[in-house]
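Novice: Show me how the following folds:
(2 chains)
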Amino acid sequence: ETGVTQTPRHLVMGMTNKKSLKCEQHLGHNAMYWYKQSAKKPLELMFVYSLEERVENNSVPSRFSPECPNSSHLFLHLHTLQPEDSALYLCASSQDPDFSYEQYFGPGTRLTVT
Amino acid sequence: GENVEQHPSTLSVQEGDSAVIKCTYSDSASNYFPWYKQELGKGPQLIIDIRSNVGEKKDQRIAVTLNKTAKHFSLHITETQPEDSAVYFCAATPNTGFQKLVFGTGTRLLVSP
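Specialist: From the prediction side, this is the model:
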């Protein structure tokens, strides 16, 4: 397995709910990423963290709030989402964000907003 | 910014045949081109990558070619097997100072026994 775990694997939430997605990497990497994968669209990079510091916020709506308390854990806090936010949310990690190291992906959280 | 186009969107082959997936990119400064395979219920997994200073790379049944002048790169799978059935994504990394993968839309490969 890739060494990147995500919980929960499936989540159904209403538009007024608040929930959080969790990602943990066991690879000793220094960079972590959140991606959104929607049907028939390319994977979209949302956020990049390097050594717990956010280095990229790819024009993501404020209803998505990332948190990286340490280099092994990454959260995505969700609030007042819209139905179009339903997608597979993938977490990834890499050894270093500055060079072309392989990104290891977790299995994703399938999010459905009702 | 970088834009990656991928074709075809679906590809059906018979076991033992070859499969080719093609991608084009727009940013001539992109320097890293990975290919990912995503099986049902799993995240994408890197299968092969190529850097801009190399024209071709091979790993057993999988090969990738890069044409920097034309800004396109291709994935070649020979002697396909049913377990090769998956969605394949190409990606390019523009030289932004950190690794920002820009993905294609994916190719669903189906290998029939």
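Novice: residues in chain A within reach of chain B, list them.
Specialist: Chain A comes close to chain B at residues A:2, A:4, A:31, A:40-43, A:45, A:48, A:50, A:55-56, A:90, A:92, A:94, A:97-108, as judged by C-beta under 8 Å from any C-beta of the partner chain. Any C-beta I mention is one placed from the backbone N, CA and C, and that applies to glycine too.
Novice: again, only using 10 Å
Specialist: Proximity of chain A to chain B (C-beta under 10 Å from any C-beta of the partner chain) is limited to residues A:1-2, A:4, A:6, A:9, A:31, A:33, A:35, A:37, A:40-45, A:48, A:50, A:55-56, A:58, A:88, A:90-92, A:94-108, A:110.
Novice: residue ranges with poor pLDDT in chain A?
Specialist: Under the criterion pLDDT under 70, the flagged ranges of chain A are A:1-2, A:99-100.
Novice: Could you do chain B as well?
Specialist: In chain B, residues with pLDDT under 70: B:95-99.
Novice: Can you tell me which of the residues of chain A next to chain B are buried?
Specialist: For these, a burial check counting by 16 or more other C-beta atoms under 10 Å in any protein chain shown picks out A:2, A:4, A:6, A:31, A:33, A:35, A:37, A:42-45, A:48, A:50, A:55-56, A:88, A:90-92, A:94-95, A:97, A:100-108, A:110.
Novice: Around the nearest residue to residue B:11 once chain neighbours are set aside, count how many other residues there are.
Specialist: Nearest residue to residue B:11 in three dimensions, chain neighbours excluded: residue B:109, at 5.0 Å (C-beta to C-beta, 6 or more residues apart in numbering or on different chains). Neighbours of residue B:109 under the rule other C-beta atoms under 10 Å in any protein chain shown: 21.
Novice: Could you say which helix or strand holds residue B:109?
Specialist: strand B:107-112 (DSSP states H and E).
Novice: Just the buried residues of that strand, please?
Specialist: In terms of neighbour count (16+ other C-beta under 10 Å), strand B:107-112 has its buried residues at B:107, B:109, B:111.
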